[in-house]
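Give me a 3D structure for the following:
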Amino acid sequence: MEDTKQTPALRKGNGWDTVKSYLNLYFVDAMSAMAQGLFASLLIGTIISTLGTQLGVPLLTDIGNFAKAMSGPAMAVAIGYALKAPPLVLFSLAAVGSAANTLGGDGGPLAVLVLAIIAAELGKLVSKKTPVDILVTPLVTILSGALLAYVLAPPIGAAASAVGQLIMWATNLQPFLMGIVVSVLVGVALTLPISSAAICAALTLTGLAGGAAVAGCCAQMVGFAVISFRENKWGGLVAQGLGTSMLQVPNIIKNPRIWIAPTLASAITGPLATCVFHLEMNGAPISSGMGTCGLVGQIGVIDGWVNDVATGLKAAITPMDWVGLVLLCFVLPAVLSWVINLGLRKLGWVKDGDMKLDV
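Numbers count the residues shown, from 1 in each chain. As a prediction, this is how the structure comes out:
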């Protein structure tokens, strides 16, 4: 006989599990995929076109520009892939991504995230349900996504851009306090299984706030790479320092105190970036949330310098610029995290093996 006292709790638990699975799908998997789509279009395109401009090779500049122009479709298709969309839905999302990114303006990436999810789910509802699937599925996916883009993309983009502008305005107004806040929060987002790159791209986070975000991400990646060196050696150093500090999430769950050193380091390097070295990210906003992953954050800063010099906003790239970049992205995160973690080990809060990676 069924235990009626336990059934509501079980149903509630199952319902919450379903909600959590959808939240994970849309806000973790989809956002991470969106960041990869941005990386494979806008970011790589920016690097290629910058090389073409600096080396005087127009062909590279054109190729880079082609890649940058495909950022909307690339993001939408990547999101569809994360949602396990059927082929016809997946291919149709390219048009949705183009519409959402274009109509969303500066906040286009967030518009793409929202509308690609909606269009993908609507397309999945009708996929393979009719004899003329090859017509119905693309028609539903493209029309629903594109029509909604006309209505929703402009306000979504404007809202995302406004939030980003507010953060950047606050950072310029209160560089010390906001340097800490932005550096810590974006750095924490980088280590968590959510996409700091997608967040920075959606909010178009550049300028001083972008520089603080770069500092915070570098503190997490370089910090974990250095303080876990005794456990993970050179392989772990490269995997975390040039890959991602997200590898430490299982260990953070076991012992959250291992996260203290990189996070405190980011709270120090953030205001140093905004108040002392005036580090600005004026390249692609996605670079603000990449840290030292493939050195994308540093390439973005340098690309911003080059653009500022070309447009007359900056007289020249100075030695102090290079010193600040190296100190904030590599030296200080390593030294600060190592010193702080040494104190944590003496307190017994962190022990050998706490940061061992299963790789």
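
which residues touch M290?
L43, S196, A197, V214, C217, V296, G297, G300 (C-beta atoms under 8 Å, 6 or more residues apart in numbering). Bear in mind the C-beta positions are built from the backbone N, C-alpha and C, glycine included.

most surrounded residue in these?
V214 (37 neighbours; other C-beta atoms under 10 Å).

on that earlier part again, can you tell me which of the contacts of M290 end up in helices?
S196, A197, V214, C217, V296, G297, G300 (DSSP state H).

Quick one: the helices in the stretch 151-300 of the chain, in order.
Assigned by DSSP state H, counting those that start in this stretch, the helices in the stretch 151-300 of the chain fall at 175-191, 196-202, 207-227, 229-238, 249-254, 260-271, 296-311.

Ok, which of those helices comes nearest L38?
With C-beta to C-beta as the measure, helix 196-202 is the member of the helices of the stretch 151-300 of the chain nearest L38 (5.5 Å).

what comes up buried for that closest one?
S196, A197, A198, I199, C200, A201, A202 (16 or more other C-beta atoms under 10 Å).

And the fifth one, how far from V186?
In this view, C200 and V186 are 7 Å apart by C-beta to C-beta, to the nearest Å.

residues shared between the contacts of the two?
Jointly contacting C200 and V186 under the rule C-beta under 8 Å, 6+ apart are A213, S288, G289.

wait, which of those is closest to V132?
Distances from V132 to these, taken by C-beta to C-beta, are shortest for G289, at 42.8 Å.

Compare the shared contacts of C200 and V186 and tell me which has the most neighbours.
The shared contacts of C200 and V186, ranked by neighbours (other C-beta under 10 Å): first place A213, 37 neighbours.

May I ask you to confirm that that one is in contact with S196?
Yes - A213 is in contact with S196 according to C-beta atoms under 8 Å; the separation is 7.5 Å.

any shared contact partners between those two?
Common neighbours of A213 and S196 (C-beta under 8 Å, 6+ apart) are V186, G187, G289.

so how far is stretch 69-77 off the chain centroid?
In terms of C-alpha atoms, centre = their mean, to the nearest Å, the centre of stretch 69-77 is found 16 Å from the chain centre.

Just put the contacts of M290 in CSV and tack on pLDDT and distance to I142.
Shown next, in CSV, are those (pLDDT from 0 to 100; distance: C-beta to C-beta, whole Å):
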residue, pLDDT, distance to I142
L43, 78, 26
S196, 85, 31
A197, 82, 27
V214, 96, 37
C217, 95, 36
V296, 85, 32
G297, 90, 35
G300, 88, 33
